[in-house]
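# after the sequence you'll find the predicted model.
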Amino acid sequence: MVALSEVRKERNALINILKKMNGQKITDASLDSIDKDERVFLRVIVKKYRSNDPSELLKRIDEVPLNLILAQAAIESNWGTSRFAIEGNNLFGIWTYRHQGIKPKKSRPGDNHKVARYPSILDSVRDYIYNLNVGWAYKDFREARTKTKDAVELASYLSKYSEKGQLYIKLVKALSRKLNKQYTIDRSASYVNLFN
């Protein structure tokens with residue numbers, strides 16, 4: 001999957017640069033130990049992932065298990081048939097307050113959010129991964145991910161993703177298990193190319 005490959009490349013590049021810096025904090029002075037392209041890369045990463053702490057960056061720049069991505073996309077988009085998926089390429093029900101989006105038909109009084117609209121499904125997947133990697137609501141998810149990459153276990157840390165709370169977690173876990181079983185049985189399945 002393209003979006004996961006991009007995160008993997010960022011992470012690997014960061015790890016290589018941090019090795020050259022011998023574990024130093026990312027400051028203007030510590031950047032002297034690396035070349036110009038690496039300095040530019042680090043500055044972009046620090047801004048994008050909202051941290052200059054190397055250990056925090058490593059928590060934020062990491063992959064999301066494919067089965068978790070697939071399960072949440074299926075649930076949030078009703079298997080790609082929801083209005084938001086069709087009109088806005090939004091497979092994950094991601095809200096926006098700043099960007100042009102799609103106004104939900106069943107908004108409550110006082111709701112000023114929209115559902116984000118994306119130029120492509122790939123952009124939707126990128127934003128979903130980024131949301132889990134930097135969003136305040138997913139700090140525990142990122143911490144747990146340092147210990148496991150199991151989609152079912154990590155789903156336990158997504159209660160803030162949906163207003164459904166624990167019911168949502170049960171749904172994600174059940175579908176993640178089913179996808180894991182299917183994916184294990186048939187590695188040639190089209191899951192890998194689903195979001196490319």
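Okay, I see it. Residues are numbered from 1 along each chain as shown.
# please count neighbours and contacts with C-alpha atoms only from this point.
Fine.
# next, the buried residues of the helix or strand of the chain with the lowest mean pLDDT.
Across the helices and strands of the chain, mean pLDDT, DSSP states H and E gives its lowest value to helix 166-185, namely a mean of 85. Neighbour counts over helix 166-185 (16 or more other Cα atoms under 10 Å) mark 168-170, 172-173, 175-177, 179-180, 183 as buried.
# just stretch 155-165 next, same as before
155-159, 161.
# could I get the full set of strands for the chain?
95-96, 101-102, 114-116 (DSSP state E).
# which one of the ones you listed lies nearest to residue 3?
Among those, strand 114-116 comes nearest to residue 3, with 17.9 Å by Cα to Cα.
# which elements pack onto the closest one?
Packing partners of strand 114-116 (3 or more Cα pairs under 8 Å, 6 or more residues apart in numbering; DSSP states H and E): strand 95-96, strand 101-102.
# TSV for those, including mean pLDDT?
Formatted as TSV, those follow (pLDDT from 0 to 100):
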stretch	mean pLDDT
strand 95-96	90
strand 101-102	87
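# so of those strands, which one's packed in deepest?
Mean neighbour counts were taken over the helices and strands packed on strand 114-116 using mean count of other Cα atoms under 10 Å, and the top value, a mean of 19, falls to strand 101-102.
# what are the ranges of the helices in the protein?
2-20, 36-49, 54-60, 66-77, 83-88, 121-134, 139-145, 151-155, 166-185 (DSSP state H).
# which residues touch the residue nearest to the spatial centre of the chain?
Among the residues of the chain, the one closest to the centroid is residue 129, at 1.3 Å (Cα atoms, centre = their mean). Applying Cα atoms under 8 Å, 6 or more residues apart in numbering, one finds that residue 129 lies in contact with 3, 63-64.
# and those, which are buried?
3, 63-64.
# now tabulate these in TSV and tack on distance to residue 134.
As requested, the buried ones among the contacts of residue 129 are exported to TSV (distance: Cα to Cα, whole Å):
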residue	distance to residue 134
3	15
63	12
64	12
